[in-house]
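Novice: structure here, sequence nowhere to be found:
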């Protein structure tokens, strides 16, 4: 009798749990560092030589350790996120670049690095999606960006972004914020040290999860947006290697692979729980 009662209850719990799963991003992001070796406005591409791939190790105890590891020395080519890249970057620049699904092919983010070498570099320019950049901005600046969906334009897990709320942070504190429509910009230069931050929202996407309850549990690509960011470092700014004691690896670093729990995995896990309950009866 107990088994007869528990089985329908378990099935109800499984359905409810699957119904509240969030929108899942399933496309892997690959982040590389390297040197710009070629650019072509005709083919809309930028090529990086001596690429190194970003990845993190997660020890049993302590913070994650994230580094760039050299890979095949063959140059990697991808299309640029926006034509502005051809005025921001030039051959010889050290960059960090992110693509979706595979190495190269289509850069969703390009970021210019400033500094003497690995571990001593900061970002001064971004063309693409700032959320994928794993190197800090120059001048102890950072950005917090949230896009808002136009719910009449959704397809699957993403919608066209109707606006972007951009917060400029200095030493971790918000010093300026503004809502930008596509092709609108902001500039902050209130620190009186010669530094400045300029952000232009070119176009973008937002998650469809807030538009309709039916999107919950849906698997699909993550939203990607294009911004143009320029950071002018403070007067006398000199990049130095960050001291590990002062700048530990973040507890939740930006991953290069997004692989959330799938509906099938959740179903399997909950089914095992249900069987365990039945066996106790």
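Specialist: That came in fine, so what should we check first? Because the structure is a prediction, the values reported are computed rather than measured.
Novice: show me what contacts the spatially most central residue of the chain?
Specialist: Geometric centre of the chain, nearest residue: residue 132, 2.9 Å, by Cα atoms, centre = their mean. For residue 132, the contact set (Cβ atoms under 8 Å, 6 or more residues apart in numbering) comprises 29, 31, 98, 108-109, 254. C-beta: built from backbone N, CA, C; applies to glycine.
Novice: in the residues you listed, find the pair that's most separated.
Specialist: Within these, 108 and 254 form the most distant pair, 13.1 Å apart (Cβ to Cβ).
Novice: more neighbours: the two, which one.
Specialist: residue 108 (23 against 16; other Cβ atoms under 10 Å).
Novice: wait, that one touches residue 81, no?
Specialist: Yes: the pair residue 108 / residue 81 is scored as a contact, 5.9 Å apart, by Cβ atoms under 8 Å.
Novice: find the residues that touch each one of those two.
Specialist: With Cβ under 8 Å, 6+ apart as the test, residue 108 and residue 81 both reach 128-129.
Novice: about what we covered before: just the ones of the contacts of residue 132 in strands?
Specialist: Members of the contacts of residue 132 lying in strands (criterion: DSSP state E): 29, 31, 98, 108-109.
Novice: could I get the residues you listed as CSV with pLDDT?
Specialist: Shown next, in CSV, are those (pLDDT from 0 to 100):
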residue, pLDDT
29, 95
31, 97
98, 98
108, 98
109, 98
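Novice: ok, of these, which come out buried?
Specialist: 29, 31, 98, 108-109 (16 or more other Cβ atoms under 10 Å).
Novice: which one of those residues sits closest to residue 120?
Specialist: residue 31 (18.4 Å).
Novice: distance of that closest one relative to residue 68?
Specialist: 8 Å (Cβ to Cβ, to the nearest Å).
Novice: who is residue 187 paired with across the strands?
Specialist: With DSSP bridges as the criterion, residue 187 is bridged to residue 198.
Novice: any idea how far residue 225 is from residue 187?
Specialist: 19 Å.
Novice: residue 222 too?
Specialist: Taking Cβ to Cβ, one finds residue 222 at 28 Å from residue 187.
Novice: neighbouring strands - and their directions - for whichever strand or helix holds residue 51?
Specialist: For residue 51, the element it lies in under DSSP states H and E is strand 45-57. In the sheet, strand 45-57 lines up against strand 29-40 (antiparallel), strand 65-70 (antiparallel), strand 76-79 (antiparallel) (DSSP bridges).
Novice: save those as CSV, and put in distance to residue 88 too.
Specialist: Output for the strands paired with strand 45-57, formatted as CSV (distance: least, Cβ to Cβ, whole Å):
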stretch, distance to residue 88
strand 29-40, 10
strand 65-70, 21
strand 76-79, 15
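Novice: confidence-wise, which of those strands is weakest overall?
Specialist: Among these, strand 65-70 has the lowest mean pLDDT, at a mean of 93.
Novice: who's in contact with it?
Specialist: Residues contacting strand 65-70 (Cβ under 8 Å, 6+ apart): 32-33, 50-57, 59, 118, 134, 249, 253.
Novice: what about residue 179, how many residues nearby?
Specialist: Neighbours of residue 179 using other Cβ under 10 Å come to 13.
Novice: same deal with residue 38?
Specialist: Neighbour number of residue 38 under other Cβ under 10 Å is 12.
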